[in-house]
Every structure is written in structure tokens, then in C-alpha cells.
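Q: sequence first, then the predicted structure, then my questions.
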Amino acid sequence: MKALVLAATSSETGQVQLTSQTRIVAAVLAVFFMLLILELIRRDRLQERYSVIWFVAGLGMLAGAAFPGLLEVVANLLGVRNTNVALFSIVLLLLLGLALNFSVIMSRQAAQITRLAQERAIEKAGQQAQGQNGNGSSGEQGLQAEEERLEG
Amino acid sequence: MRTLVFIPAWNEEASVTEVIADVRKVLPEADILVVDDGSTDATSERAREAGALVACLPFNQGLGAALQTGYLYALRNGYDACAHLDADGQHPAEEVARLLAEITADRADLVIGSRYHAGAVAGTGDYRPTFSRRIGTSVFRFFLTLATRQRFTDTTSGMRAANRRVMSLFSQHYSPDFAEIESLQLAVRQGLRVEEVPVRMLERAGGTSFLTPLRSAFFIFKGLVVLLVGQFRPRQAEVER
């Protein structure tokens, strides 16, 4: 993606002129990027469900390298005369979308963590209540308090 | 009628013992649960020594999450009524008992103890709000009244009593960030009977208020956003578990 951007900025006419060299560099980078994603999944560093969006980004890079005309078509669709501006805008919007996506995921996980903590706390308190009611077994209660201290 | 009184506490080792003793004296039949919101001091030890049940959250998650833990515990363990009060000693247990009486008599689903209600009498040693607190209170009062079309005087009161309908609602939906106001709005929107009862509150016995002017401003801003968004939330079908 970086190679694409660099190539695009070097144009002065407002039209993207990618040399075959830059196109090859961009395509190789895109392929490497997607291989990296696969490797991360293989090593359990990235979950499949979060990898889709990165694959789409990789494919986008590849498509841009393979068909330079594509960018002009998109720029025309957007009504942007300067394809450089169109390229930057698209990349910026994509990144914005990705960041928002992460915030949504983060919020969901925060809620899940909270619920998990609550469930655990309630379970412990329930055990304590049982210990207090169940034939007044203070030994069990003491054990529980001990357990809590060790964990705390 | 089984009653649970729960006390959300975050680093309140200085006052939690007295609060528990106060509740036990006034409401001997009620079970007492301290929700320890990830305290780093001896809050949960003090609470256990005082004979209360303790639900320990492993890390600090804010008042909303702590209160929700209490509602969830009450719901799961089949309590008919529950009430909560602050752990800093501002809330006398006799007043909590009066709130619970409203629930027991089935005059309301959710009862709020109000410092500012016309019927509230201030005595010596009683709670006096600071200036910034008063501004915040009136802003929230105005907007919450606008949003719910019901008059509320003390929107941020941490002294409440509730029945099972409220437990079931709050254990599912309770904003972690902005517990007090959004919960009132939610309850009214769900068609629950929310009532205010004038109560006495005292000056805090231990700990300091978390409010600084900048925080207050941020707090108010956040509150307004929450209220605005809350107006457009879909109503939930009532679930009783």
C-alpha cells in the first residue's frame, strides 16, 4: 500500500502513472502482507474472525497493483478529479472504519469481562452464604476467607 | 419477604464496618452484601469480619458494574426486595428501611431516596451540597424531568430500593459509566413505577468525593449524552428469570 501511495504522489498531472516496477513492488508487498496474516493465524496470534478485514485490505492492494485503471474509475465515481486525493481519501476512510471496528470490539469485550467478573463475585458470595447457613459450619467459612486472602 | 441490602464499596475500610452495623441494627432480617469493587485496602476483610456477605470484583469496574452485581445477586438468589446505600456512611439505615417499606407495600417498583425533595428536613451534621454539586444536580434534574416527564429532585442518589421487576431489568441493562441517571430513565421508559421519598443524608464519614470541577464538567457532559441517546433506545420486552 505504501508503494502505491508513493507512486501516486510522484505524479504531477493529477493522474496516477504507475511504472511496471512500482506495480510489481506493490503486488509483492500485498502478497507478503496476506502471507503475514496467514502466518499470524497459524501461530494463533490472530483469530480468523478478525482476519477477514485485513484480507480484504490485502486484496485491495493487489487489485490496485494489477489494475491501475481501477483507481481512476473510483476517483471518477467519487467526482474527485485528482486521483491522488481519491487514493488518500479512500485509505483514510478505510483506516477510520477499521479503528471504529476495533472500538466496537473493545466495548463488547469490556462488557463481557465485566459480566465474567460479576458472575465470579456472585458465585463466591453465594458460597459464603451457604457456608453461613449450612449447619453453621464456621470451619468452611474460615476456609473460604483463607482462600479469598490467598487470591487477593 | 426476603430482603437484600447491598453496599457497593471501593476502598471504604474506614466506614464499611459502621455502615454494616447500622443496617443490621435497623434491618435485622435483611441479608447484607458488600460488593467490593476491586478495593486495594482491607474493605472486604472488614466487611467479612462484620458478618456481611462479600462479592469481590477482581478489579475496579466502576459504580455501575458494582451496583449491577448487587441486583444480579438479588435476582439469582430469589430475594423479593433489595436496597442499596453508599459505603461512606452518608446514608442512615433508618432511611433505607423507609424506602424498603414502599417496596414491601407495593406502592412502587423503584424507590429513590432524595436529599433535595421538599419533604426532606435538614438537621445538624446533615448533608450540605457544594456549589458545583448543586449546579450539576439542577442540570440533571432539568434534563431528566424533560426526558421522563416525571419530576425527579435527586437524580444521582445512591440510596435506592427495588423489587424483582427492577432487579431483572437492571441486572441486564445497567450502564457501567453512568449508572444513576440512565437507570432512572430506563426504568421510567419501561413503564415501571419510580418514586422519590425524601430522606436525610449525612456528611461523609470517611473517604473523599471523587468530584473536582473538571471532572464535574465532564460528568455533566457525559450525562447529557447518555440521556440523549437513552431517549432513542428501543424499549425492551420484560424478562423475568
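A: Structure's in. What do you need?
Q: okay, now the unreliable bits of chain B?
A: In the predicted model of chain B, residues B:118-129, B:176-177, B:204-211, B:236-241 satisfy pLDDT under 70.
Q: now it against chain A: closest residue?
A: Nearest residue of chain B to chain A, counting by C-beta to the nearest C-beta: B:Ala55, 3.9 Å away. All C-beta spots, glycine's among them, are computed from the backbone N, C-alpha and C.
Q: mind checking the SS state of that residue?
A: strand (DSSP: H, G, I helix; E, B strand; the rest coil).
Q: B:Phe152 reaches B:Val188, doesn't it?
A: No - the criterion here is C-beta atoms under 8 Å, and B:Phe152 misses it with B:Val188 at 9.1 Å.
Q: looking at those two, which is more packed in?
A: B:Phe152 (24 against 18; other C-beta atoms under 10 Å in any protein chain shown).
Q: how much space between that one and B:Tyr116?
A: The gap separating B:Phe152 from B:Tyr116 is 9 Å, by C-beta to C-beta, to the nearest Å.
Q: any common contacting residues for these two?
A: Residues touching both B:Phe152 and B:Tyr116 (C-beta atoms under 8 Å, 6 or more residues apart in numbering or on different chains): B:Arg141.
Q: average pLDDT across the helix or strand hosting A:Ser89?
A: A:Ser89 is part of helix A:83-133 when elements are defined by DSSP states H and E. For helix A:83-133, the mean per-residue pLDDT is 90.
Q: where exactly do the helices run in chain B?
A: Remark: helices assigned in chain B by DSSP state H are B:16-26, B:43-49, B:63-76, B:93-104, B:131-148, B:164-170, B:179-189, B:213-231.
Q: with respect to A:Leu70, which of the ones you listed lies nearest?
A: Across the helices of chain B, A:Leu70 has its closest neighbour in helix B:213-231 (39.5 Å, C-beta to C-beta).
Q: and the closest one, what does it pack onto?
A: Judged by 3 or more C-beta pairs under 8 Å, 6 or more residues apart in numbering or on different chains; DSSP states H and E, the packing partners of helix B:213-231 are helix B:131-148, helix B:179-189.
Q: which parts of it are buried?
A: Across helix B:213-231, burial judged by 16 or more other C-beta atoms under 10 Å in any protein chain shown covers B:216, B:219-220, B:223, B:226-227, B:230.
Q: reformat the residues you listed as CSV; add distance to A:Ser103.
A: Formatted as CSV, the buried residues of helix B:213-231 follow (distance: C-beta to C-beta, whole Å):
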residue, distance to A:Ser103
B:Ser216, 26
B:Phe219, 22
B:Ile220, 23
B:Gly223, 21
B:Val226, 17
B:Leu227, 22
B:Gly230, 20
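Q: can you tell me which of those residues is nearest A:Ala111?
A: A:Ala111 lies nearest to B:Val226 out of the buried residues of helix B:213-231, by C-beta to C-beta, at 15.7 Å.
Q: enumerate every residue touching the spatially closest residue to that closest one that is not a sequence neighbour.
A: In this structure, B:Val226 finds its nearest non-sequential neighbour in B:Phe178, 4.5 Å apart by C-beta to C-beta, 6 or more residues apart in numbering or on different chains. Listed by C-beta under 8 Å, 6+ apart, the contact set of B:Phe178 reads B:64, B:222-223, B:226.
Q: likewise B:Ala87?
A: Shown in contact with B:Ala87 (C-beta under 8 Å, 6+ apart): B:7-10, B:12, B:15-16, B:19, B:34, B:43.
Q: B:Val5 versus the residue sitting nearest the centre point of chain B, what's the distance?
A: Against the mean C-alpha coordinate of chain B, by C-alpha atoms, centre = their mean, the closest residue is B:Gly158 at 3.1 Å. Counting by C-beta to C-beta, the separation of B:Gly158 from B:Val5 is 13 Å.
Q: hey, what's in contact with both of these two?
A: In contact with both B:Gly158 and B:Val5: B:84-85, using C-beta under 8 Å, 6+ apart.
Q: quick one, what contacts B:Ser175?
A: Counting by C-beta under 8 Å, 6+ apart, B:Ser175 touches B:64, B:182-183, B:226.
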